[in-house]
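1. need a 3D model of the sequence below.
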Amino acid sequence: MNVKQSQIGEWVRKTFGDESCDDPRERSLRFIEEAIEMVQSVGAVTPSEIFQLVDKKFAAPPGDTKQEAGGVYITFLALCHQQQIGAKTCLHKEWQRINDPNTQEILQRKQAAKKAEGL
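-> Model prediction:
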């Protein structure tokens, strides 16, 4: 199975609606949330270290979005390599999981709760 970026975009639009799909703030928050959850699962970094890094990075000028996207990809794959997990296998398992109708309902409820919190 080959999951395409356009399929994921269509899934987000279908599951959460146009507003969520098209909102850069929403997409950014969901991305950082997943990144934090992955780092937390590894157990090698403290919240304090993350806060320090956030302060340092937001004090600097923003980078180029396309270059930063490449950096995200590379560092994600490097972490997967270090953790000895197959990124593609994880992608395919998650794609199957989130396409289950019961999972979609759960995700929609979680999304609504996050919006209610302003996150």
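
2. is the residue positioned nearest the centre of the chain within a helix or a strand, and which one?
-> The C-alpha lying nearest the average C-alpha coordinate of the chain belongs to Phe31 (CA atoms, centre = their mean; 3.0 Å). With elements taken from DSSP states H and E, the one containing Phe31 is helix 24-42.

3. tell me which other helices or strands that helix touches.
-> In this structure, helix 24-42 makes packing contacts with helix 18-22, helix 65-83, judged by 3 or more CB pairs under 8 Å, 6 or more residues apart in numbering; DSSP states H and E. No exception for glycine: its C-beta is placed from N, CA and C like everyone else's.

4. who does the longest one touch, helix- and strand-wise?
-> Here helix 65-83 touches helix 24-42, helix 87-98, going by 3+ CB pairs under 8 Å, 6+ apart.

5. what's in contact with the last one?
-> When you say that, I think you mean helix 87-98. Taking CB atoms under 8 Å, 6 or more residues apart in numbering as the criterion, the residues outside helix 87-98 that touch it are 1, 3, 11, 15, 76-77, 80, 103-104, 107.

6. if we go to 10 Å?
-> When contacts are defined by CB atoms under 10 Å, 6 or more residues apart in numbering, helix 87-98 is touched by residues 1-3, 7-8, 11-12, 15, 34, 38, 73, 76-77, 79-81, 86, 103-104, 106-107.

7. kindly report the same for stretch 43-52.
-> So stretch 43-52 is contacted by 35-36, 39-40, 53, 79, 82-83 (CB under 10 Å, 6+ apart).

8. swap in 8 Å and give it another go.
-> For stretch 43-52, the external contacting residues (CB under 8 Å, 6+ apart) are 36, 39.

9. may I have it as PDB, with CA atoms only?
-> What follows is stretch 43-52 as a C-alpha-only set of coordinates in PDB (Å, rounded to 0.1, in the frame of the first residue of the first chain):
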ATOM      1  CA  GLY A  43      11.300   8.900  27.000                       C
ATOM      2  CA  ALA A  44      14.700  10.600  26.500                       C
ATOM      3  CA  VAL A  45      13.700  14.200  26.700                       C
ATOM      4  CA  THR A  46      12.100  16.200  29.600                       C
ATOM      5  CA  PRO A  47       9.400  18.800  29.200                       C
ATOM      6  CA  SER A  48      11.900  21.400  30.500                       C
ATOM      7  CA  GLU A  49      14.200  20.600  27.600                       C
ATOM      8  CA  ILE A  50      11.400  21.000  25.100                       C
ATOM      9  CA  PHE A  51      10.300  24.300  26.600                       C
ATOM     10  CA  GLN A  52      14.000  25.600  26.400                       C
END
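
10. alright, calling it a day.
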